[in-house]
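Q: My questions are about this predicted structure, shown below with the sequence.
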Amino acid sequence: MNAHTDLVDRYFDAWNETDGARRRELIAATWAADADYRDPLMAGTGHDGIDAMIRVVQERFAHHTFRRSTDVDGFGNRLRFSWELVTPAGEAIAKGSDFGVLDAHGRLQTLTGFLDQEPAGV
C-alpha cells in the first residue's frame, strides 16, 4: 500500500463512520481544515461542511456503505479512485470516480467526484 491508498481508505472510513465524534476525528486526520468536496449532487467545505454532507448521506442511505472499487492511482499530490455505495445486502446502487489534490501535509485539499451510476430516485 502507498500513502495515497492509506489516505483514501481513511476517507472511506469517515464516510462509513456513524459515530459523530469518531467521524470528526477521521475527517480531521484525512482532510485539510479548508478542504473542499464537490460532486454533481452535493458539496462540503471545511471539516464542518464535510461532516454535515456525510451525515446527510448516511441519513438518506442508512446502513449502506461506501467501498473503494479500484486501486488508488496517484502521483505527486494528485490521486484518483473509483467507489461504490452498497446496500446491506452488498448490491451496488451508486458508482463513481473521484479525483483529488493533497495539501503539503498529505491531507485531502480538494476532491471532485463524478457519478458513473446514480442511486434511483436522486
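A: Arrived safely.

Q: Residue ranges in this structure under the pLDDT threshold?
A: Counting by pLDDT under 70, the chain shows low-confidence ranges at 1, 121-122.

Q: Which parts of it are helices?
A: Secondary structure of the chain (DSSP state H): helices located at 3-16, 20-30, 46-60.

Q: and among the ones you listed, the most buried is which?
A: helix 3-16 (a mean of 18; mean count of other C-beta atoms under 10 Å). C-beta coordinates here come from the backbone N, C-alpha and C atoms, glycine included.

Q: Show residues contacting that helix.
A: For helix 3-16, the external contacting residues (C-beta atoms under 8 Å, 6 or more residues apart in numbering) are 23, 26-27, 29-30, 54, 57, 65-68, 71-72, 74, 79, 81, 83, 102, 106-108, 111.

Q: for it, the distance to its chain's centre please.
A: The gap between the average C-alpha position of helix 3-16 and the chain average comes to 7 Å, counting by C-alpha atoms, centre = their mean, to the nearest Å.

Q: Likewise for stretch 29-49?
A: For stretch 29-49, the separation from the chain centroid amounts to 9 Å (computed by C-alpha atoms, centre = their mean).

Q: Buried residues of that stretch, list them for me.
A: Across stretch 29-49, burial judged by 16 or more other C-beta atoms under 10 Å covers Thr30, Trp31, Ala32, Ala35, Asp36, Tyr37, Gly44, Gly46, His47, Gly49.

Q: so what's the first one up against?
A: Spelled out, it's Thr30. Going by C-beta under 8 Å, 6+ apart, Thr30 touches Leu7, Arg10, Tyr11, Ala14, Arg107, Leu108.

Q: Can you give me the distance of the third one to Gly100?
A: Read it as Tyr11. Tyr11 is 9 Å from Gly100, where distance means C-beta to C-beta, to the nearest Å.

Q: Find residues that contact each of these two.
A: Among the neighbours of Tyr11, those also in contact with Gly100 (C-beta under 8 Å, 6+ apart) are Leu108, Leu111.
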